[in-house]
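J.: What follows is a predicted structure for the sequence shown.
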Amino acid sequence: MSASDTASYLLLDHVRKVYVGKRRSSVVAVDDVSLEVRRGEFVTLLGPSGCGKTTTLRMIAGFVRPTSGRVYMKGSDVTDVAAHRRDCPLVFQDYALFPHLTVFENIAYGLRARRASRQQIHHDVAVACQMVNLIGLEDRHPRQLPGGQQQRVALARALDLKPEIILFDEPLSNLDAKLRIQTRTEIRRVQKLLGITALYVTHDQTEAMSLSDRIIIMHRGRVIQTGTPEEIYHRPATPFVSDFIGNANFLDGEVEHVSGTMVQVNLGTASIRLPADQCEPGIEPGEDVVIAVKPEAVSVGPVGDGMTGQVDYAGFVGPATEYRILFGDTFLTALQPHFHSGVAAFAVGDTVGLHFQDDAIRVYRLGA
Amino acid sequence: MTGNIQRTRRDHYLDFWDVITYVSIAIFAILLVYPLFRLVMASFLTPAGTFAATEEFSMIQTYVEFFTIRYYYQTMINSFLASILATIFAVLIGVPVAYLIYRIDIPGKLLVRVAIVLTFVSPPFIGAYAWVLLLGRAGVLTSFFANLGITLPSIYGWRGIVLVFTLQAFPFVFLLVSSGLRSVDQSLEDAAINMGRSPFGVFRTVILPLIIPSISTGALLVFVTTFSDFGTPMIIGEGFRVLATLVYTEFVNEFGGNPRVASTLAILMLSVTVGALLIQRYFASRSSFGQEAVTPLGIRWVSTPQRILATVVVYGVVIAALLPTITIVVSSFLESRGPLLIARFSLEGYRSAARLPLAFRNSVIFVFVSTVLCVVVGTLMGYIVARRKNRLTAAIDTLSMTPYAVAGLVLGVALSISFGGAPFYLSGTGLILIMSFFIRRLPYSVRSVSGLLYQMGPHTEEASVNLGVPPGRTFLRVTLPQITPAVLSGALLTMATIAREFNSTVILYSGRTRTLPVEVFVQVLQGNFGAASVVGTVLIVLTLVPIVVLFKVFGKDEQALL
């Protein structure tokens, strides 16, 4: 990565943010983060609350000054540029609409700051309203609108500046579930239509998966993994990512032997064989490992010659049945869709056969 | 077929709360509605002391006189001049100082808070008297600069009044703007910056419009308090007479006789303050956005020269505001000979303050009794307003707003006309003073309790009733414990406010019932500056006690003073 790379529209180079508190205690909010967003790309910073993703975003917007490291936009270093000169509109989590201004004036705010002409403002606001479907609401005040429409005003206000880079700080977290799905489709549509480079912050993995070209997982101020949604889902780099993207089951095990492309892991009550590329590289026999397997990759069936467990709880969760199964001395969660052929229902207390979808298992060194 | 349904016990008898409702109505009727009615009636008296219009006099004779005789109407013009100028200056000082203190990391913010508190605990005219000590004909600063050959502008007349009014009232603007700023969310500023506004542009286009309601409320308070304040113009006005001083002098002239002029003037003053209140409320309702901040505005990082400049500005104002109090306290420990103070330490003032013990005792008794009444009655009224909604309690809610708009001077005149003479003869008694303190301060207690109850919601009380505890015991065991801290902190504030109350006291007191603020005033008018400082210092300390407890025990800050 280099600053002159024109393909990197947005680039963070070894950025660190340390907050110094009282009595010289300090908190590292963002620890040596480097990332790039290419032109027209939609990238999401995903992580639990407190992972440093919002601080990272605010450093890009210029509200927070990095302790060290540089921020580049469109190839130039903006680390020392004041926030109001950065030209990267941010869609805020609480929308931050100006309560004293009408919808029209809210959307026109940025243009007025740039001393645009009257005609220009009227034209651009009309276009923005059209794009996010706010026609007819221009004279309302924000508090007179429901959350979904406030959200769209916030989006229109950002789009009205015809930005090349747009930032989102959990913009959907205050909407109800249905509206959230609608709006995220909307955001993706507009972003593609206008070819804007977008950096999106969220803690919601489904949102991240459905919106992004690429996802950057952050944890404790560091970047843990970067990849497409498919890569992140299928090949999580650490147990943390495994668990964060769809609640993994974790089982302790010990590597029995490694032979060529296959690895044998002893789980205590059972032993499984799986391809080596699903294990952390360089794993050796005798090592303690933890294996992660997603609930949707655990299939439950009649007792066969494989592993067995005992149903401890069975709950109907709509599209699937969720089982908690006592396996050895730990519990496993299994998610069994209803509409697959040959799926039988089991009751609490039943002994069942278990099968892990081979390619869905990941093996990590203990302590990774 | 309904034979097996038993009639349950009827629970709708005249309960405790109904009694409270009727008593509350009676209190307002006696202490507010009746006196104001008498005041209006008195203003329609003819010079002959009758209501019957004759060929010589119409019923609005006194009003006609006011607007045609220059001696009268000039005071109205002067009052508007002084109060409007003071309001403008208070806004021009209060808004920037509040913003700078809120946003910039200025060292020693504690000193600022102390200054604000002290201006609130001193009686309103003490600033005037202190500035006379500093800038009067024989003032400390006047002499000092005269020795250097510099003649300072005179403190007497309208300039001095505006100076004192501004310094004494700008804390209203300061406090309201500070609290207004707390309700502006940081994300709004961020959004404005993100949209490309410079820091000043953000202030102009976002922050300022959002604190306009706070500014206008603060401006209203400055206008109303200065318009009805007569201590300051009395002490330093000299030839510059305002409406408030005229009310006082006419009241004293007419005392015991036909109160037509004083009551007419009081009605005119009431009209102005109520008018200002209505205009401001209309204005504020149009510019208010009821926003609440999730993350309030934070400290802004500025360059060192900017920070130094901000510190200098803030400290300049703070020192000017603190100067009167410092002057009073210091001069109380100096030797004095009439109006002259000698720069030599002495406790003689305290030893020889003959009337101090009486005034002190009176103040303590009145403050205590009025506060207890306010707290007990105010809590019960606040409860019925919030929880027993019906037409009567709605009326109580409205009535409890009214005393806000009635200046102390106006209420004093009204109470004196109503209860001073036959058949009550309460003139100059402690009772009439307590009546005035009680009704003046009651609205604050009612509002704070009802506001808190609204905010709490009825759920805990409903839970208690639902678990089988009757409403009366629920009030004692669930409601009261929850509001007790607020009630007690309100009581402390009431104590401080009543201790410094002056404008109504001065109308109603007599030699036996003089309070500390009255005693200071009398000593100032008699030219005994040393004695005035001694009594003033005692008063400041007495007022400070409940405030310090409020801050230390209840963890409140200066925002509680509003």
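T.: Now that the structure is in, tell me what you want to look at.

J.: for chain B, what spans make up the strands?
T.: B:334-337, B:340-345 (DSSP state E).

J.: Need the winner for burial among those.
T.: strand B:334-337 (a mean of 16; mean count of other CB atoms under 10 Å in any protein chain shown). Heads up, the C-betas are built off the backbone N, CA and C, glycines and all.

J.: What is the burial count for residue 305?
T.: Chain wasn't specified; assuming chain A. A:D305 has 6 neighbouring residues, counting by other CB atoms under 10 Å in any protein chain shown.

J.: wait, chain B
T.: Close neighbours of B:P305, defined as other CB under 10 Å, add up to 8.

J.: now do A:T185
T.: The number of residues packed near A:T185 is 12, by other CB under 10 Å.

J.: Would you agree it falls within a helix?
T.: Yes. Under DSSP: H, G, I helix; E, B strand; the rest coil, A:T185 falls within a helix.

J.: can you give me the helices for the stretch 201-350 of chain B?
T.: B:208-227, B:231-236, B:243-254, B:260-287, B:304-331, B:348-352 (DSSP state H, counting those that start in this stretch).

J.: To chain A, which of those helices lies closest?
T.: Each of the helices of the stretch 201-350 of chain B has some distance to chain A by CB to the nearest CB; the shortest is helix B:208-227, at 4.4 Å.

J.: Just the endpoints, please. Distance across stretch B:97-115?
T.: Terminal residues of stretch B:97-115 lie 13 Å apart, using CA to CA, to the nearest Å.

J.: now it, how far from the centre of its chain.
T.: Taking the mean of its C-alpha atoms, stretch B:97-115 sits 23 Å from the chain's own mean (CA atoms, centre = their mean, to the nearest Å).

J.: what residues are up against B:F227?
T.: B:79-80, B:83, B:243-244, B:269, B:272-273, B:276, B:407 (CB atoms under 8 Å, 6 or more residues apart in numbering or on different chains).

J.: Just want the most central residue of the chain.
T.: You didn't say which chain, so I picked chain A. Centroid-nearest residue in chain A: A:L46, 3.1 Å away (criterion: CA atoms, centre = their mean).

J.: The chain in question should be chain B.
T.: B:T225 (6.8 Å).

J.: Give me the contact list for the lowest-mean-pLDDT helix or strand in chain B.
T.: Within chain B, confidence by mean pLDDT, DSSP states H and E is lowest for strand B:340-345 among all helices and strands, at a mean of 76. When contacts are defined by CB under 8 Å, 6+ apart, strand B:340-345 is touched by residues B:133, B:138, B:331, B:333-336, B:529-530.

J.: State the pair within these that is farthest apart.
T.: B:A138 and B:F333 (18.6 Å; CB to CB).

J.: Which of these two has more residues huddled nearby?
T.: B:F333 (17 against 12).

J.: rewinding a little: name every strand pairing with the least confident helix or strand of chain B and say which way it goes.
T.: According to DSSP bridges, strand B:340-345 forms sheet pairs with strand B:334-337 (antiparallel).

J.: Give me the contacts around the partner strand.
T.: So strand B:334-337 is in contact with B:341-346, B:348-349, B:528-531, B:533, going by CB under 8 Å, 6+ apart.
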